[in-house]
Every structure is written in structure tokens, then in C-alpha cells.
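Engineer: Dropping a prediction and its sequence here:
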Amino acid sequence: MPGKLYGVGVGPGDPELLTIKAKRILERADFIAIPKTAADKESTALSIVEGAVEISKEVIELIFPMSFDEKLLEESWRNAVLQIKEKLDSGKDVAFVTLGDPTIYSTYIYIHKTLLDEGYECEIVPGITSFCASAARVGVSLGENKETIAIVPSAYECENLDNILDSFDNIVLMKVSRSLPKLKDILKQKGLWEKAVIISKCGFEDEVIEFDIEKAAESKLSYFTTMIIKKGGIK
């Protein structure tokens, strides 16, 4: 009988935000699969797990390069699926760890769909998202009463940002470090300059929280940087 695949959300960075269920699955699974952008890169997701779970089992490293080359990406997906299938076919359970939640812009979900279609048993174990953790960290509500919320995965790639900023009450912009200078000007134009906060590497030891967007735009911030804009006021 084939094993079972679990997509386990490990939260944004703080190991204490790992759920009880996630911890149980990670301790019980026969293998832990981790996504990496390159073989010589560290896995952020694994570093979170190691802060809450003693790893005494084989770790499967799955390489997903940061690339827009569709052929290269498809090949990486196929290789990942084959590696996981090999373990499942031997009757072993695999826990694939992913930052935040597996259903929110996650590497895992593509593998989940493929193996589910092939008849394998798969389960998603939800995790705390980076933007929920960030909002909690700065004491800001993402949604009150009838407020609308927009989540933008990559601000630097968003072509309709003006429309989103005009149409929603609260806006979460993920991966904003590359586009902060441009965002700074847009927020000034729209009168949202003092209604935004930057949270970088939420939950990690080198976490940065900045309410001064001008200062943030001049800083070298991590790829894992989120901006929360709240039209009703951030403070």
C-alpha cells in the first residue's frame, strides 16, 4: 500500500508558530521533503522545523530554481514528483514542508495536484501565513466589519496595482523589497504614505519592522518583506 503525502505549512519563521498537528505529522512521517532554490542553498522552511522538531530521519532535497524558464521549471516539478513517488510507492509517508500555508502561493500545491490526480492519498496541513503573523506582530487588523482585503503575491510584477490600491480597504503586498522606491512614490500620490508598515523576515531573529517607508526604501531588506496598507490607519 502506498504511503501518504502531507503538505505541511510551517508558518512564517517563529518555530513556536508551528501547529500541534504539523509537529505531530513531522515527527511521524518517514521522510521530510524540503524545497530549495539551489543545492548549495539553505532551506528556510527546514530551519523553522528544526527549531521545534528533532530531525532524525532522511531529508529529501527538492530543487526548484528561481527561473522564468518554463522548460526548466517543468523539469524541476517532474523530478520532485518522481522523488516523492519513489518513497510513497515503498509504503512510506512523506511530509513536504512549506513556508506559511500550503494553499497560499506555495510550491507544494502543484505536487499535491499531480499526485492526487494519480491516485495517491494527499493531505494539506495548514500553517500560519506570513501576512497574518505580520499583522499580529504590529497589532494591525487585516479585516474589520465589512473591510475588503487584497493579497498581492509579488508587488514588483503587479500591473494593476493602482486599481487594487483604489478598490480595497486593506492591502497586503508581499515580496516588496525590490519595488519599495516605486511604491513609496505611489503611496505618496494616493495619500497612503502614513497608512503603511513594513515587516521583513517576520518571526526570525533578524526581523525588521518599519513604519517609516522612506527609511525602509533606503534599506537593504530581505526577499521575505511584506507591506500592509490600511486605509483606516495603521496605528
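Structural biologist: Perfect, thanks for sending it. Residues are numbered from 1 along each chain as shown.
Engineer: how close does Ile48 get to Ala39?
Structural biologist: 20 Å (C-beta to C-beta, to the nearest Å). Heads up, the C-betas are built off the backbone N, CA and C, glycines and all.
Engineer: between these two, which one's more packed in?
Structural biologist: Taking neighbours as other C-beta atoms under 10 Å, Ile48 and Ala39 compare with Ile48 leading, 24 against 7.
Engineer: Touching, that one and Pro15? I think so.
Structural biologist: Yes. Ile48 lies in contact with Pro15 (C-beta atoms under 8 Å); the separation is 5.5 Å.
Engineer: just how off-centre is the lowest-mean-pLDDT helix or strand in the chain within its chain?
Structural biologist: Within the chain, no helix or strand scores below helix 213-217, which has a mean of 83 by mean pLDDT, DSSP states H and E. Relative to its parent chain, helix 213-217 has a centroid offset of 23 Å by C-alpha atoms, centre = their mean, to the nearest Å.
Engineer: what packs against that helix?
Structural biologist: helix 180-189, strand 196-200 (3 or more C-beta pairs under 8 Å, 6 or more residues apart in numbering; DSSP states H and E).
Engineer: what does that helix contact?
Structural biologist: 180-181, 183-184, 187, 193, 196, 198, 210 (C-beta atoms under 8 Å, 6 or more residues apart in numbering).
Engineer: Heading C-terminal from that helix, find the next helix or strand.
Structural biologist: Past helix 213-217, further along toward the C-terminus, the next helix or strand under DSSP states H and E is strand 225-230.
Engineer: which outside residues touch that next one?
Structural biologist: 130-131, 134-135, 138, 140-142, 155, 165, 169-177, 183, 187, 192, 195-202, 208, 234.
Engineer: can I get the CA coordinates of that strand in CSV?
Structural biologist: This file holds the C-alpha atoms of strand 225-230, laid out as CSV (Å, rounded to 0.1, in the frame of the first residue of the first chain):
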residue,chain,number,x,y,z
THR,A,225,9.4,41.5,3.1
THR,A,226,5.7,42.4,3.4
MET,A,227,3.9,45.7,3.4
ILE,A,228,0.5,46.2,5.0
ILE,A,229,-1.6,49.2,3.9
LYS,A,230,-4.7,50.0,5.9
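Engineer: any idea how far it is from the chain center?
Structural biologist: The answer for strand 225-230 is 15 Å, by C-alpha atoms, centre = their mean.
Engineer: Give me the buried positions along that strand.
Structural biologist: 225-230 (16 or more other C-beta atoms under 10 Å).
Engineer: All the strands of the chain, residue numbers only.
Structural biologist: Here the chain has its strands, by DSSP state E, at 4-9, 31-36, 59-63, 94-98, 121-125, 149-152, 170-174, 196-200, 208-210, 225-230.
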